[in-house]
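Visitor: need a 3D model of the following:
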Amino acid sequence: MSTKNDRSAEDIRRSAERMKRARTEPGFSPLRGLGAFGIIGWSIAVPTVGGAFLGLWLNKVVPQTFSWPIALILGGVVVGGIIAWSWIDKEGPNQKGDKR
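Guide: Numbers count the residues shown, from 1 in each chain. The predicted structure is shown next:
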């Protein structure tokens, strides 16, 4: 084998290692941060709005001395916060088992 063939085999090996490392260890991306904000926002907004609509329906069907929409909006915020917290905990900086 000539020196030229050895050099190109080495270049291919290094290139393959770089591609593998890029797949397994993605770097920081601003778009990933925006995506996280979106998921966290939706995980809080959907249960909150759902609680409001369910509360409006319950006010008509089962009237009470308290306001169903307010109670269920607060419940939706709590449920959404729990969902967001668990997602952040799963996807956060210590996702690979690193200790802070």
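
Visitor: which residues in the protein form helices?
Guide: With DSSP state H as the criterion, the chain has helices at 3-24, 30-61, 68-91.

Visitor: take the ones you listed and lay them out in a markdown table including mean neighbour count and mean pLDDT.
Guide: C-betas here are computed from N, CA, C, even on glycine. Shown next, in a markdown table, are the helices of the chain (neighbours: other Cβ atoms under 10 Å; pLDDT from 0 to 100):
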| stretch | mean neighbour count | mean pLDDT |
| --- | --- | --- |
| helix 3-24 | 10 | 80 |
| helix 30-61 | 14 | 89 |
| helix 68-91 | 15 | 93 |
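
Visitor: if I look at Pro47, how far off is Val62?
Guide: Per Cβ to Cβ, to the nearest Å, Pro47 is found 20 Å from Val62.

Visitor: nope, Ala9 is what I meant
Guide: Applying Cβ to Cβ, the value for Ala9 to Val62 is 75 Å.

Visitor: repeat that for Ala71.
Guide: 12 Å.

Visitor: for Gly80, same thing?
Guide: According to Cβ to Cβ, Gly80 and Val62 sit 24 Å apart.

Visitor: with Arg32 instead?
Guide: Plainly put, Arg32 is 44 Å away from Val62 if you go by Cβ to Cβ.
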